[in-house]
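S.K.: no sequence for this one, just the structure:
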């Protein structure tokens, strides 16, 4: 069962910030939120992840609400190369086999417009 | 460029053929994964190997047979596949199945069953 909800598509003007929302209202205390993107014909590319605190790296920022029920991925200055499907993933807590696994949401198709 | 290498990139096979997909990583990761991705859908987990032992099998049909000969290699043996098995098969690796290290994906093998 998908544990994340994302809008199916979004547009963003080149050079502007792209804000991609994700709802994960059933997230539990030890579950991390990961963001990946997938450009056509390639494998998913890791962007960023977090547990409670906001995170920033060279690609993006991740804002997680205080109740952890939702998060937003921010691409500060979107370029045409950022056009991709963006997946918000909740990593399930340790399974009975002792292994963590990802549950992918359905993703947001971001189109950056020139 | 991806650090997880998958071969071949494309494969066309008949329903009676036997073929294998190969995945290789040299990042010293001890966890490796197989995912299946149908068109316009998110990846779905098939198998997880942890320290060369099968840790998760997501009720995958026996016509798919994974193998992890060493910590750098992961194979997926295919036999008597059905047309509905046509998909992109993705391999991923992570430092281990615990912790919060992200998974790194290859660009996949696009499989077509005639």
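M.R.: Great, that's in hand. All of these numbers come straight from a predicted model, not from anything done at the bench.
S.K.: Tell me which stretches of chain A form strands.
M.R.: A:9-13, A:18-23, A:33-38, A:45-50, A:55-56, A:61-64, A:70-75, A:84-91, A:102-104, A:108-113 (DSSP state E).
S.K.: Out of those strands, which gets the lowest mean score?
M.R.: Among those, strand A:102-104 carries the lowest mean pLDDT, a mean of 86.
S.K.: In terms of secondary structure, what does the lowest-mean-pLDDT helix or strand in chain B contact?
M.R.: Lowest on mean pLDDT, DSSP states H and E among the helices and strands of chain B sits strand B:53-57, with a mean of 89. Contacts defined by 3 or more C-beta pairs under 8 Å, 6 or more residues apart in numbering or on different chains; DSSP states H and E place strand B:53-57 against strand B:44-50, strand B:64-70. (Each C-beta comes from the backbone N, C-alpha and C, glycine too.)
S.K.: The helix or strand just after the last one close to chain A?
M.R.: Past strand B:64-70, heading to the C-terminal end, the next element that is a helix or strand (DSSP states H and E) is strand B:73-79. No: Strand B:73-79 lies apart from chain A when judged by C-beta under 8 Å from any C-beta of the partner chain; the minimum separation is 14.0 Å.
S.K.: Now do the helix or strand just after strand B:73-79: which elements does it pack against?
M.R.: Using DSSP H and E, the helix or strand that directly follows strand B:73-79 along the chain is strand B:87-94. Judged by 3+ C-beta pairs under 8 Å, 6+ apart, the packing partners of strand B:87-94 are strand B:4-7, strand B:18-25, strand B:31-37, strand B:73-79, strand B:104-105, strand B:109-113.
S.K.: Just want the angle from strand B:87-94 to strand B:109-113.
M.R.: 150 degrees (axes from the mean of the first three to the mean of the last three C-alpha atoms, to 10 degrees).
S.K.: near chain A, which residues of chain B show up?
M.R.: Selection of chain B residues close to chain A by C-beta under 8 Å from any C-beta yields B:2, B:4, B:31, B:41-45, B:48, B:50, B:55-56, B:90, B:92, B:97-98, B:100, B:102-108.
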